[in-house]
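>>> Prediction below, plus the sequence it came from.
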Amino acid sequence: TTPAPSRKGRGAAPAPPARAKKLSFKDKHALETLPGRIAELEAEIAALGARLGAPGAFSRDRSSFEADAARLAAARAELEAAETRWLELELLREETNS
């Protein structure tokens, strides 16, 4: 019988080098359009804040006030999500360029 080959000196096969993740077409498009969307949301939030802060806004039309307050909360959440997504994409873009 022949002796079994020794396993000494045989480590795990070296891992292939990690490929840099590229921005997809969708990511590139989002990176280009998100700043405009963020600006729109900021303007909408400012307008809603001014409308809600106007004297007598609640007493004039309660249902409109409540709708504006709900839209303000939604716009703030949408703005936060858009800013977070833009930051993620910008970091990925910098990572792929370096």
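Everything's here; your move.

>>> which secondary structure element contains the residue most central in space within the chain?
With distances taken as Cα atoms, centre = their mean, the residue of the chain nearest its centroid is R85 (1.3 Å). Using DSSP states H and E, R85 falls within helix 62-97.

>>> Return the set of buried residues in that helix.
By 16 or more other Cβ atoms under 10 Å, the buried positions in helix 62-97 come out as 65, 68, 72, 75, 78-79, 82-83, 85-86, 89, 92. In this view, the C-beta of every residue, glycine as well, is placed from N, C-alpha and C.

>>> Quick one: mean pLDDT over that helix.
Helix 62-97 shows a mean pLDDT of 97.

>>> can you put the buried residues of helix 62-97 in a markdown table and add distance to S24?
Below are the buried residues of helix 62-97 laid out as a markdown table (distance: Cβ to Cβ, whole Å):
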| residue | distance to S24 |
| --- | --- |
| F65 | 42 |
| D68 | 37 |
| L72 | 33 |
| A75 | 27 |
| E78 | 22 |
| L79 | 24 |
| A82 | 18 |
| E83 | 20 |
| R85 | 13 |
| W86 | 15 |
| L89 | 10 |
| L92 | 10 |
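
>>> Which elements pack onto the helix holding R85?
helix 25-53, helix 57-60 (3 or more Cβ pairs under 8 Å, 6 or more residues apart in numbering; DSSP states H and E).

>>> orientation of the longest one relative to helix 62-97 in degrees?
With axes from the mean of the first three to the mean of the last three Cα atoms, to 10 degrees defining the directions, helix 25-53 sits at 150 degrees from helix 62-97.
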